[in-house]
Structure formats: structure tokens, C-alpha cells
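Asks: Sequence below, structure please.
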Amino acid sequence: MSHRLHTLMTGGDFFEGPRWRRGRWWVSDFYRHGVYTVTPDGEAEKILDVPGQPSGLGWMPDGSLLVVSMRDRQLLRRWPDGQVTTHADLSAHAPWHCNDMVVDGHGRAWVGNFGFDMMSGANPVTTCLLRVDPDGSVTEVADGLAFPNGAVISPDGRALIVGESMAGRLTAFTIGQDGALADRRVHAQLGKAPPLTSAEETMAGLTLAPDGCCLDAKEHIWVADALGGGCMRVAPGGDIAETIEPPEGQSFFACMLGGPEGRTLLLCCAPDSSEHRRAGAGEATLLTCEVDTPHAGYP
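Replies: Reported below is the predicted structural model:
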């Protein structure tokens, strides 16, 4: 189907981690250092200041909001009464900035990290995926991942699929009852997986970089391509069923299904992801379009 894009909000610096909850969109803005809610008619409210730069969002069963604080590698918890505490310290496990996250129905948070200083052009290396249990304990559940980024969990809670941005693929795991990951497999190879050598060589070899993503009721995954290739609906096995192209000169960096019927796709859009160009520029936008198949699973 053809997708007509509508502007929900302008004036952001860099939006990430979009979610839908209780009739509102929730989104992090990296460089305005805040978590915002946005109503379907575009009215925004800053909910939480995150000096350490917010990214992934999710909720505990008691309604507490979990927020990844990227630079200090903390997982914050905003309790239902508004109190904010540190839920977990990830700094002993994540070698560089933490990033996106998915929280399952048990309140377990699965958190990715950069693994290296991407913004300064350091050479890329693989890194780990972390699980934070409801009591705040941290476990490394997978390693050797090339920039683990956006992730989804199936409605039954048994499968986790994470985007490896530096490998052009979606990688799947089976989740055990104890939260251990097993049966690692390629869910979809979407682009080339270049060797991790120098930053210049690796980036030149990438043809697609999966970023933020969400799952629909037909087990397709909507995933944003941080290299500007649009937002793709990926079928099980890796075929591209649909693609939504970004406006000229823009890229999509994350997406989420929501709205009253779960069929509104929110897209986080910006010219690029460079901290030096985005911070203070106010050029990021939130766009929406309507799709056929509603949201499923987590987030």
C-alpha cells in the first residue's frame, strides 16, 4: 500500500526509542536530554530530564518507566509516584554508551550498547547484550554482537530479535524461562556484513544498518535503516514486504506501531545521527502514517 506521511511534531534534536502507551506517544530526545510524551494531535510535554542522554524506554509491570541513560550507562526507574531512582548500573558490563532497550512482560529489560566510541570515529568492535532483571541485577546474555540496537520480543515472550546495525542483520534468540538466551540464529540478513576493521572501511562496506524496530501481528518487523534506506517491513525469513521512503535529505532512525487501533506507525526522522550536527539544530521530526497490520509483542 502507499503510505502518506503526516507531521506529528517538529523541533526536536534527535528522537529515539518511540513507544505508545495510554493514549500517548513516548519518545526520547538525545540532545535535548529529555523524555517527552506527545498526544495524537501533536501536543508535547517533557516528562523527565535525563542529563546522561536518554534512549530506550519501557515499563515494569507496576507501571514504572525504565529509561536508558546512555552516557553514564545507567538504567533509570521513574516510579508511578514520579520518584526517579537508579534501577541498575550497567557501567561494569557495557564498554561504551548504552542504547536501545526492550522490556518484556516480566519487567526484564534487554539493553544494547555501542561497544565503541562511534561519534569520534573509533574502530568498531563487537559487544554484549545485557539483561536487567526486576531486582536490578545485570547479566550478560549474549556477546559478539555488532552494535546491538533496536529489539523486539514476540507476544508469547519466547523469542527476542535484535538488530545488529554494523552487520546489516536481525539476529534472533530463544528466551528460556530463566531469561537465558539460546539458539542464536540469523532472522534476516538485510544488507552486507562487512568485517569490523577501521571505522571508514566498515562504514563503507555497510549497505543497510537496522536501527529502531517494532513487531506487528503477522510477525513482520518494521525496522528503520539508519543509512537512509527508509523504514522496511521485514517478513519472517527476510523478504522486504513494504518500504516507506523518508523525505528527501532525511533518514529514519526508529519506528513504533501505536494509536487507538495499533495501526499508526510513528517514525523518528532526522538528517543524520551526528551529535555535532544534531545537538541544538532542532531539525528532527516525528512523522506518522497508517498501515494495515496492528502492533504485537514488545515494546
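Asks: Which residues are in contact with the residue lying closest to residue 51 once chain neighbours are set aside?
Replies: Counting by CB to CB, 6 or more residues apart in numbering, residue 33 is the residue found nearest to residue 51 once chain neighbours are left out, at 5.7 Å. All C-beta atoms are positioned from the backbone trio N, CA, C, and that covers glycine. Residues near residue 33 by CB atoms under 8 Å, 6 or more residues apart in numbering: 49-54.
Asks: Farthest-apart pair in those residues, please.
Replies: Comparing all pairs in the contacts of residue 33 by CB to CB, the longest separation belongs to 49 and 53, at 11.0 Å.
Asks: Can I get the contacts of residue 33 in CSV including distance to residue 132?
Replies: Formatted as CSV, those follow (distance: CB to CB, whole Å):
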residue, distance to residue 132
49, 22
50, 17
51, 20
52, 16
53, 18
54, 16
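Asks: Need the buried ones from the residues you listed selected in PyMOL.
Replies: Here is the PyMOL selection string for the buried members of the contacts of residue 33, based on 16 or more other CB atoms under 10 Å:
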select buried, resi 50+52+53+54
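Asks: nearest to residue 18, of the contacts of residue 33?
Replies: The nearest one, if we look at the contacts of residue 33 relative to residue 18 and count by CB to CB, is residue 54, at 12.0 Å.
Asks: what's across from the closest one in the sheet?
Replies: In this entry, residue 54 is beta-bridged to residue 69, by DSSP bridges.
Asks: That one and residue 66 touch, don't they?
Replies: No. Residue 54 lies out of contact with residue 66 (CB atoms under 8 Å); the separation is 10.8 Å.
Asks: for the stretch 101-250 of the chain, what spans make up the helices?
Replies: 199-205 (DSSP state H, counting those that start in this stretch).
Asks: In terms of pLDDT, where does the most far-flung residue of the chain relative to its centre sit?
Replies: Centroid-distance maximum for the chain: residue 81 at 26.1 Å, with CA atoms, centre = their mean. The model reports residue 81 with a pLDDT of 96.
Asks: does it sit in a helix or strand, and which one?
Replies: According to DSSP states H and E, residue 81 maps onto no helix or strand at all.
Asks: Can you pull the poorly scored residue ranges out of the protein?
Replies: Low-confidence segments of the chain, defined by pLDDT under 70: 1.
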